[in-house]
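Peer 1: curious how this folds, go ahead:
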Amino acid sequence: MIFKSNWTKNKRSEKELFEYISNMNNMPLVLPEQVVDITADNDNLSFTIQGMGKVSLRVSKREPNKFIQLVPEGKVPFQFVLNVNIRNCEQGEQSECCFEIDAQLNPLMQMMASKPLQNLVNMMAEKVEII
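Peer 2: As a prediction, the model looks like this:
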């Protein structure tokens, strides 16, 4: 099941936004406030979602100025990938960004996790607007 945010504008160019987001040290600024105990380095991001548990991600793919893919490390309740898509905006040096979670959910997990996952990508997209 895919959970996708709307495309969100950012004042940075595609290259600047890609460089910023592809460094996991900067990702805490786009995570919602329910995310705590965040640790990061250039390629890895780990955090706890209050009420859900710990998640560790690593960058598995970077396509310069366009795409970043993160995959889970260690034990997770379901398999997923987090994709960050970046594109040029028609208004000069601005860009747009879209977050997408592609999750393998059984029917029970789908009922429980659909709303939180959709909210997560939406909140991340909103926060990208102001970084």
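
Peer 1: would you mind measuring from Val128 to Phe78?
Peer 2: Counting by CB to CB, to the nearest Å, the separation of Val128 from Phe78 is 25 Å. Using the backbone N, CA and C atoms, a C-beta is placed for each residue, glycine as well.

Peer 1: state the helix or strand in which Glu126 lies.
Peer 2: Take DSSP states H and E as the rule and Glu126 turns out to sit in helix 107-128.

Peer 1: chain center to that helix: distance?
Peer 2: 11 Å (CA atoms, centre = their mean, to the nearest Å).

Peer 1: the chain should start at 37 in everything you say after this.
Peer 2: Okay, using 37 as the starting number, the last item reads as helix 143-164.

Peer 1: ok, residues contacting that helix?
Peer 2: Helix 143-164 is contacted by residues 37, 39-44, 46, 53, 57, 65-68, 88, 113-114, 133-137, 139, 141 when judged by CB atoms under 8 Å, 6 or more residues apart in numbering.

Peer 1: for it, which positions count as buried?
Peer 2: Of the residues in helix 143-164, those with enough neighbours to count as buried (16 or more other CB atoms under 10 Å) are Ala149, Leu153, Leu156, Val157, Asn158, Met159, Met160, Ala161, Val164.

Peer 1: what about it, average pLDDT?
Peer 2: Averaging the model's pLDDT scores along helix 143-164 yields 92.

Peer 1: hey, C-alpha coordinates of that helix in PDB?
Peer 2: Extracted in PDB, the C-alpha atoms of helix 143-164 (Å, rounded to 0.1, in the frame of the first residue of the first chain):
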ATOM      1  CA  PRO A 143      -5.300  -6.300   6.600                       C
ATOM      2  CA  LEU A 144      -5.000  -5.900  10.400                       C
ATOM      3  CA  MET A 145      -1.900  -3.700  10.100                       C
ATOM      4  CA  GLN A 146      -3.500  -1.800   7.300                       C
ATOM      5  CA  MET A 147      -6.500  -0.900   9.500                       C
ATOM      6  CA  MET A 148      -4.100   0.200  12.400                       C
ATOM      7  CA  ALA A 149      -1.300   1.900  10.400                       C
ATOM      8  CA  SER A 150      -3.000   3.600   7.400                       C
ATOM      9  CA  LYS A 151      -3.900   6.800   9.100                       C
ATOM     10  CA  PRO A 152      -0.600   7.300  11.000                       C
ATOM     11  CA  LEU A 153       1.500   6.500   7.900                       C
ATOM     12  CA  GLN A 154      -0.500   9.000   5.800                       C
ATOM     13  CA  ASN A 155      -0.300  11.600   8.500                       C
ATOM     14  CA  LEU A 156       3.500  11.000   8.700                       C
ATOM     15  CA  VAL A 157       4.100  11.700   5.000                       C
ATOM     16  CA  ASN A 158       1.800  14.700   5.100                       C
ATOM     17  CA  MET A 159       3.600  16.200   8.100                       C
ATOM     18  CA  MET A 160       7.000  15.700   6.600                       C
ATOM     19  CA  ALA A 161       5.900  17.400   3.400                       C
ATOM     20  CA  GLU A 162       4.500  20.400   5.400                       C
ATOM     21  CA  LYS A 163       7.800  20.700   7.300                       C
ATOM     22  CA  VAL A 164       9.900  20.700   4.100                       C
END
